[in-house]
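Student: how does the following fold in three dimensions:
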Amino acid sequence: MSRVLPRQPAPELIVPTLSGTTWSLSDAKPQRFSLIVFYRGLHCPVCTTYVAELNKLVPELATRGVETIAVSSDTEARAREAQMKWGLSQLTVGYSLAIATARTWGLYISTGRGMTTTGVEEPPLFSEPGVFLVRPDRTLYWASVQSMPFARPHFREIVAALDFVIAKDYPARGEA
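Tutor: Numbers count the residues shown, from 1 in each chain. Just a heads-up that it's a prediction; the model follows:
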């Protein structure tokens, strides 16, 4: 598995979105950061509340100069179902994340194990969660990658951390 290092270029990310456009990291023009949240998919009961919480914070993140996208390896139909069921009205939702691309971001990959507690079948392969802040120059600022669906960073804490980072011009850490 490769590892993306802070202060180094982040891998390219190009995904179709449910709005009918293609989102590309190299074309993103955030004022301060792109917040890229990789989630497991429609089948994940933890993602239901996690991504819905992110959706609620999109306006607050935008006031801090942060462009936000949530991405999974789900098909368009599954991503659209998640958008509808989870109430993702404010969030850009990307889908069809290639497993090879997930690996370049250092995400863990899991194999499907049947039906989940949500009553949705897991896909044959999917990425585990990851959260990344990328600067407008496409260098990685911050990353958190999980091998399980549990114990993810809280978005409220990320918003508070952004206030500190912006006020103090705090540098990316973990680059060595």
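Student: what's the first helix or strand after the one helix or strand Ser110 maps to?
Tutor: Here Ser110, judged by DSSP states H and E, is contained in strand 109-111. Note on strand 109-111: by DSSP H and E, the next helix or strand toward the C-terminus is strand 125-127.
Student: count of residues packed around Gln146?
Tutor: By the measure other C-beta atoms under 10 Å, the count of residues near Gln146 is 17. Bear in mind the C-beta positions are built from the backbone N, C-alpha and C, glycine included.
Student: hmm, it is touching Gly130, no?
Tutor: Yes. Assessed by C-beta atoms under 8 Å, Gln146 is found in contact with Gly130 at 7.0 Å.
Student: relative to Leu162, how far out is the residue sitting furthest away from the middle of the chain?
Tutor: If you look at how far each residue of the chain sits from its centre, by C-alpha atoms, centre = their mean, the farthest one is Lys168, at 25.0 Å. According to C-beta to C-beta, to the nearest Å, Lys168 and Leu162 sit 11 Å apart.
Student: next: Val66.
Tutor: As for Val66, its distance to Leu162 is 7 Å (criterion: C-beta to C-beta).
Student: same thing with Ser72?
Tutor: Going from Ser72 to Leu162 by C-beta to C-beta gives 24 Å.
Student: helices of the protein, start to end?
Tutor: Assigned by DSSP state H, the helices in the chain fall at 45-63, 76-86, 99-104, 155-168.
Student: now the longest one: average pLDDT?
Tutor: Per-residue pLDDT values over helix 45-63 give a mean of 97.
Student: for it, which positions count as buried?
Tutor: Within helix 45-63, the residues that count as buried by 16 or more other C-beta atoms under 10 Å are Val46, Cys47, Thr48, Tyr50, Val51, Leu54, Asn55, Leu57, Val58, Leu61.
Student: what angle sits between that helix and helix 155-168?
Tutor: Orientation note: helix 45-63 sits at an angle of 30 degrees relative to helix 155-168 (axes from the mean of the first three to the mean of the last three C-alpha atoms, to 10 degrees).
Student: packing partners for helix 45-63?
Tutor: The contact analysis (3 or more C-beta pairs under 8 Å, 6 or more residues apart in numbering; DSSP states H and E) places helix 45-63 against strand 33-38, strand 66-71, helix 76-86, helix 155-168.
Student: the first one vs helix 45-63, what angle?
Tutor: To tie it back to what came earlier, the one meant is strand 33-38. Using the same axes, to 10 degrees, strand 33-38 lies at 170 degrees relative to helix 45-63.
Student: with the last one instead?
Tutor: Comparing the axes of helix 155-168 and helix 45-63 via the same axes, to 10 degrees yields an angle of 30 degrees.
Student: ok, the residue nearest the centre of the chain - contacts?
Tutor: When C-alpha atoms, centre = their mean is applied to the chain, the residue found nearest the centroid is Val37 (1.0 Å). Shown in contact with Val37 (C-beta atoms under 8 Å, 6 or more residues apart in numbering): Val51, Leu54, Thr68, Ile69, Ala70, Val71, Pro129, Gly130, Val131, Phe132.
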